[in-house]
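Undergrad: After the sequence you'll find the predicted model.
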Amino acid sequence: MVDAYYGPRELADAVDAEPLAEPRTLVADAEALLDGLEDGWLRDQVLGLHTFAGVLAGETLAYADEVERCYGVRPTFTDESVFAAAHERLDELLPGEGTLAERFEEWEKSIRIPTEQVERVVAAAIDVARARTRDIVDLPDGEGVELEIVRDVPWLAFCAFEGELRSRIQVNVDLPISAVEALVLTIHETYPGHHAERAAKEQLLVRGQGLLEETIVMVPTPQSVVSEGIASLAPHLLLDGDGAQALAAVTREAGVELDVEHAQAVRRAKEPCGWASVNAALMLYEDGAQDDEVVAYARRWGLATEEVANHLLRFLKEPTSRTYVITYDAGLELCRAWVGDDPARFRKLLTEQVRVRDLVGATR
């Protein structure tokens with residue numbers, strides 16, 4: 001449930017010294033907190049935790065209800081005509097022989113980063129992304145990241161914020177990574193994505209305003225929708241902007257020539273297919289679909305390889321990420337609509353406590 005904590009050490013020590021609380025106790029604690037909280041950002045997070053504690057305590061909730069109560073957005077089944085339209089656009093961008101899925105896979109293979117080069121590419125991309133991010137938001141003095149290559153985890157990349165303006169960035173090399181994907185995940189996890197958000201909020205909200213609640217990042221809460229929305233929008237800001245060629249040069253040095261403009265066109269065309277993952281979760285948890293049906297669906301509509309589709313299934317079966325899957329596409333949709341063409345609004349997302357309710361209002 002805790003993505004990151006960097007608050008007072010004595011609080012962490014006190015918690016570590018206690019026995020694990022029973023889920024029903026957590027439910028009661030959350031209810032007591034809610035009784036004393038006014039409507040606002042903090043109450044939103046406690047509502048999410050209250051819901052998740054209830055599920056741990058054995059409460060039965062429909063999957064869509066659980067997601068909505070945790071994150072403030074409700075998953076609905078995306079009509080497959082949306083994916084079909086996206087496939088038509090991709091057909092035009094990826095001409096050739098074979099099925100669209102085969103052509104998409106071949107295109108990704110053609111720009112794949114050799115596993116032994118991934119660390120070098122990501123490290124170099126971090127430097128470029130940091131420089132470009134300084135044009136968007138003031139990065140506090142002393143912030144920075146450490147890069148770690150990992151295997152056998154249910155995600156592709158992860159930003160572990162450790163406080164003192166520092167993050168540990170982990171990249172999973174079990175799955176193949178294309179050049180554009182390497183750039184996207186780097187920006188997503190670092191600048192101006194997850195790390196930039198956490199560092200800016202530590203500096204401005206924790207140190208500047210004493211908002212202790214910002215020192216803990218909880219997974220099953222609306223905070224995750226905003227954070228993933230920021231991180232999912234961030235690559236578009238850099239790869240559609242002046243920094244695109246500098247980022248492409250990073251992959252060129254690793255021996256992979258990347259046409260950024262074409263790659264971004266492919267990404268934008270495929271973007272609606274991301275909702276196929278949410279459909280897959282609804283199939284699994286509301287319709288009782290079998291594992292092989294979920295994998296086949298992700299391959300058919302999400303254009304996932306068998307390897308990636310099985311990875312998605314694993315992600316959907318993790319206790320927390322089974323509901324977390326909505327945060328990426330819903331977060332991107334909400335943050336993009338709210339930001340529009342106003343860089344100041346993206347800066348606000350990085351530096352202030354913006355509620356999911358506020359973002360939802362911008363899409364209506």
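TA: Received it, and whenever you're ready, just let me know what you need.
Undergrad: and stretch 237-248, how far apart are its ends?
TA: Start and end residues of stretch 237-248 are separated by 15 Å (Cα to Cα, to the nearest Å).
Undergrad: Distance from the chain centre to that stretch, please.
TA: 20 Å (Cα atoms, centre = their mean, to the nearest Å).
Undergrad: Stretch 71-79 now?
TA: Put simply, stretch 71-79 sits 16 Å off its chain's centre (Cα atoms, centre = their mean).
Undergrad: Okay, buried residues for that stretch please.
TA: By neighbour count with 16 or more other Cβ atoms under 10 Å, stretch 71-79 contains the buried residues 71-73, 75, 78. Where you see a C-beta, it was placed from the backbone N, CA and C, and this is true even at glycine.
Undergrad: Okay, and which of those map to helices?
TA: Tyr71 (DSSP state H).
Undergrad: element containing Ala4, please.
TA: In the assignment (DSSP states H and E), Ala4 maps to strand 2-5.
Undergrad: next one: Val121
TA: helix 118-133.
Undergrad: And Leu313, by the same measure?
TA: Assigned by DSSP H and E, Leu313 belongs to helix 306-317.
Undergrad: thinking again about what came up before, what pairs with the strand holding Ala4, and is each one parallel or antiparallel?
TA: Using DSSP bridges, strand 2-5 pairs in its sheet with strand 216-218 (antiparallel).
Undergrad: what's the average pLDDT for the strand it pairs with?
TA: In this model, strand 216-218 has a mean pLDDT of 95.
Undergrad: so how far is the helix or strand just after that strand from its chain's centroid?
TA: Remark: after strand 216-218, the chain's next helix or strand is helix 222-239, criterion DSSP H and E. Relative to the chain's own centre, helix 222-239 is displaced by 7 Å; criterion: Cα atoms, centre = their mean.
Undergrad: Now helix 222-239: average pLDDT?
TA: For helix 222-239, mean pLDDT rounds to 97.
Undergrad: What of stretch 254-270?
TA: Averaged over stretch 254-270, pLDDT sits at 96.
Undergrad: returning to what we had before: packing partners of the helix holding Val121?
TA: Packing partners of helix 118-133 (3 or more Cβ pairs under 8 Å, 6 or more residues apart in numbering; DSSP states H and E): strand 144-150, strand 166-172, helix 179-189, helix 222-239, helix 244-253.
Undergrad: Which among those is found nearest to Leu349?
TA: Taking Cβ to Cβ, helix 222-239 is the member of the helices and strands packed on helix 118-133 nearest to Leu349, at 5.1 Å.
Undergrad: residues contacting the residue most central in space within the chain?
TA: Centroid-nearest residue in the chain: Glu228, 3.7 Å away (criterion: Cα atoms, centre = their mean). Glu228 makes contact with 327-328, 331-332, according to Cβ atoms under 8 Å, 6 or more residues apart in numbering.
Undergrad: of those, closest to Glu106?
TA: Taking Cβ to Cβ as the measure, Glu106 sits nearest to Tyr328 out of the contacts of Glu228, at 25.2 Å.
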